[in-house]
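Undergrad: Okay, here's the prediction I keep looking at, along with the sequence it came from:
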Amino acid sequence: MSTGAAPKYRSLAFGVTRGVLREGAAGTRYLSAEAPLASGTERMTDRLVHWAEVAPDRTFIARRERKADGSTGEWRHVTFAEALQHARRIGQALLDRGLSADRPLAILSENGIEHALLALGALYVGVPHCSVSPPYSIVSQDFEKLRHVLDTLTPGLVFASDAARFGRAISAAVPADTEVVLGEGSVEGRAALSFAELDATVATPAVDAAMRATGPDTIVKFLFTSGSTKLPKAVINTHRMWCANQQQLRQSIPALEDEPPVLIDWLPWNHTFGGNHNVGIVLSNGGTLYIDDGKPTPSGMAETLRNLREIAPTMYFNVPTGFEAIANAMETDTVLRKKLLSRVKMFFYAGAALSQPIWDSLHRTQEAEVGERIVMGTGLGMTESSPFALYITSPQVSSGDLGLPAPGIDLKLVEVDGKTEVRYRGPNITPGYWRAPEATAEAFDEEGFFCTGDAVTWIDPDDIHKGLRFDGRIAEDFKLATGTFVSVGPLRAKIIAAGAPYIQDVVLTGINLKEVGALIFPTQAVRKLAGLPADTPMQDVLQSTPVQTYFQGVVDTLAQHATGSANRIARAHLVAVPPSIDKGEVTDKGSINQRSVLKHRAAEVEALHAGSLPYTLQPTPQGHKQ
């Protein structure tokens, strides 16, 4: 970070800069935005109709055509007017089949045009849909989570984009009496309708009558939680929630209304960040969504970078791993820098902490290319809050800052196990979990606030208007055998920052033991650090002298700054096998699941603390705090 004059940022207005704090009983406090929530649309369907009338020829969604060899070609565009026509035809087909909340539409597919049009058709006629996590179908070997999702939903229709990839899951998990629609291909022994046939249905006046019968409380979709400790729960999403949250976004980020937003985005629609936040921004504000078939992985990033060299977004959303790859690429890729920075008003990350070195690298590149920095937006939210809940209040953002609540959301700050839990109440909060009354009752407190399990602290205790900082997940924190609490979130962030850019994520160990340990998941950058051939197995890379020497230095540095057993890493291990989506160790948008990793790698954790795990790193004597 520069230490001279205050850095110059590209202009970005902040809609919420002042909060209102009031005291409650027993130390409880309540925080809200000073500005009230303005009235807005009551149904997202109305936004589709509006833009189809006002900007019929504007592209709503686009995706590169898929070639037979799996590569991508030119962009296929669907305008707002075309999207509405498709929605009405598909809506009629869903009405003909008697679909409803009790028999919704289930979509087994990655992001795609057919996926989007099916969701719009369901939205139009008031039939809930559910975008199911693709790994449940194409990565999983036992289909346990897919069966759970389908058992919870009892869908009346299941769509899969590609029979070749989703066929095995359909045969194993979709009941024989459930109708199947396929984007392409066929499943042996299974009758199925093609998407084209479904889309050829002739719309009747019943479609518009069904649309008029919908209202704020009509269920739009079900979004399943990641299932970190139990099987995933189906979060009810209504028109009221989605519409209110989009209004909250506009008031917090006024730039959304300056011009129709242009997004290029890979974030999966089965997650609230991609499916509610980003799709909603485009649909609500008449923007354009370019579907990015890339991902922040070594194999997928090339496609993302290709797209970003061609499409200039007005706002860009990603997870920290994606920004890390982009930061590295922009250091040498002049075309990428020029296009990506040409008109973007804001970068925005969520899902995990963004390390300060990556942040600094992005700012250096931006200042060199365009003479100013791009604001890195962030905040806090979750599936149950639609998801936008808190947002930063100024360009001066540090890793972990969350900001103030959006208009219309009341925060309740409650002391829990030595930390402050943040709880939500407002029009964007879910009414509960589908077909799970006990889980719903457990999720809300006696005042109707949703209990998030997220811990927060003040950015500046003397100035509430700066807002809140993230202080970890209360459920992730644990006690050592001494009874001392280990605050996982802050310590994990400290380790990642100390090892940047070579640490992807960290899982802390030591529950009920005398010391804290760490399983360190490295980034691909360690290969360059090792100086070995590109095809060297990761295990050999991690055991190489340069890598071991570097991480020994990280462990020693952390030990020098530790103040006690709860924040001192006594032993660490570099993990060669990345976290598994199939086992729930990581979500398909890249967020680590601490509890799942500890469960599935219990033997590795036991060996680490028993001293029998090879290549365990421990602080050297000079690494101990004197």
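TA: The structure has been received and is ready for your questions.
Undergrad: quick one: low-confidence parts of this protein?
TA: Applying pLDDT under 70 to the chain flags the ranges 1-4, 227-229, 588-590, 622-626.
Undergrad: Domain ranges for it, per the record?
TA: 19-37+399-472, 477-623 (automatic domain parsing).
Undergrad: Please dump those domains into CSV; it should also carry distance to H129 and mean neighbour count for every row.
TA: Backbone N, C-alpha and C define where each C-beta goes, glycine included. Listed next are these as CSV, based on distance: least, Cβ to Cβ, whole Å; neighbours: other Cβ atoms under 10 Å:
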stretch, distance to H129, mean neighbour count
domain 19-37+399-472, 13, 18
domain 477-623, 18, 18
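Undergrad: now the nearest residue to N276 once chain neighbours are set aside: how far from G448?
TA: Spatial nearest neighbour of N276, excluding adjacent residues (Cβ to Cβ, 6 or more residues apart in numbering): S386 at 5.6 Å. As judged by Cβ to Cβ, to the nearest Å, S386 and G448 stand 16 Å apart.
Undergrad: Also D258?
TA: Applying Cβ to Cβ to D258 and G448 gives a distance of 36 Å.
Undergrad: Let me see the contact set for L362.
TA: F323, I326, A327, M330, F347, I374, M376 (Cβ atoms under 8 Å, 6 or more residues apart in numbering).
Undergrad: What of I107?
TA: H115, L118, A119, H129, C130, S131, V132, V158, F159.
Undergrad: Going by neighbour count, which of these comes out on top?
TA: L118 (30 neighbours; other Cβ atoms under 10 Å).
Undergrad: Does it touch L105 like I think?
TA: Yes: contact criterion Cβ atoms under 8 Å: L118 and L105 qualify, at 6.5 Å.
Undergrad: any common contacting residues for the two?
TA: H129, F159.
Undergrad: Okay, helices next: where are they in the stretch 251-400 of the chain?
TA: Secondary structure of the stretch 251-400 of the chain, counting by DSSP state H, counting those that start in this stretch: helices at 272, 279-285, 301-310, 320-330, 334-340, 356-370.
Undergrad: out of those helices, nearest to T214?
TA: T214 lies closest, by Cβ to Cβ, to one member of those: helix 279-285, at 15.3 Å.
Undergrad: name the helices or strands packed onto that closest one?
TA: helix 44-54, strand 59-66, helix 239-252, strand 288-291 (3 or more Cβ pairs under 8 Å, 6 or more residues apart in numbering; DSSP states H and E).
Undergrad: for these, which one sits closest to S591?
TA: helix 239-252 (20.1 Å).
Undergrad: How about residues contacting whichever helix or strand I170 is part of?
TA: Here I170, judged by DSSP states H and E, is contained in helix 163-173. By Cβ under 8 Å, 6+ apart, the residues outside helix 163-173 that reach it are 108-109, 136-138, 140, 143, 146-147, 150, 158, 160, 180, 182, 184-190, 192.
Undergrad: try it again with 6 Å
TA: Helix 163-173 has contacts (Cβ atoms under 6 Å, 6 or more residues apart in numbering) with L108, S137, I138, F143, L146, R147, L150, A160, L182, G185, S186, V187.
Undergrad: Quick check: can you name the pairing partners of the helix or strand just after it and their directions?
TA: Later in the chain than helix 163-173, the nearest helix or strand by DSSP H and E is strand 179-182. Using DSSP bridges, strand 179-182 pairs in its sheet with strand 157-160 (parallel), strand 193-194 (parallel).
Undergrad: Distance to P537 for the ones you listed - can I get that in TSV?
TA: Listed next are the strands paired with strand 179-182 as TSV, based on distance: least, Cβ to Cβ, whole Å:
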stretch	distance to P537
strand 157-160	35
strand 193-194	44
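Undergrad: Which among these is found nearest to S565?
TA: Among the strands paired with strand 179-182, the nearest to S565 by Cβ to Cβ is strand 157-160 (51.0 Å).
Undergrad: Run through who's touching that closest one.
TA: Contacts for strand 157-160 (Cβ under 6 Å, 6+ apart): L105, A106, I107, L108, L118, F166, V174, T178, E179, V180, V181, L182.
Undergrad: cool, stretch 508-524 as well?
TA: By Cβ under 6 Å, 6+ apart, the list of residues contacting stretch 508-524 reads 298, 478, 481, 486, 488, 502-507, 569-575, 605, 608-609.
Undergrad: got the end-to-end distance for that stretch?
TA: End-to-end distance of stretch 508-524: 21 Å, with Cα to Cα, to the nearest Å as the criterion.
Undergrad: for the helices of the stretch 251-400 of the chain, which one ends up most surrounded?
TA: Mean neighbour count (mean count of other Cβ atoms under 10 Å) peaks for helix 272 among those, with a mean of 27.
Undergrad: got the contact list for it?
TA: With Cβ under 6 Å, 6+ apart, helix 272 has contacts from L223, T383, P387.
Undergrad: from the middle of its chain, how far away would that helix be?
TA: 7 Å (Cα atoms, centre = their mean, to the nearest Å).
Undergrad: From here on, call the first residue 544.
TA: With 544 as the first residue, the last one maps to helix 815.
Undergrad: List the single closest residue to V701 in space, sequence neighbours excluded.
TA: Closest to V701 by Cβ to Cβ, 6+ apart is A649, at 4.8 Å.
Undergrad: what do you get for P759?
TA: P759 sits nearest to R783 (Cβ to Cβ, 6+ apart), 3.8 Å away.
Undergrad: With T983 instead?
TA: With Cβ to Cβ, 6+ apart, the residue lying closest to T983 is G975, at 3.3 Å.
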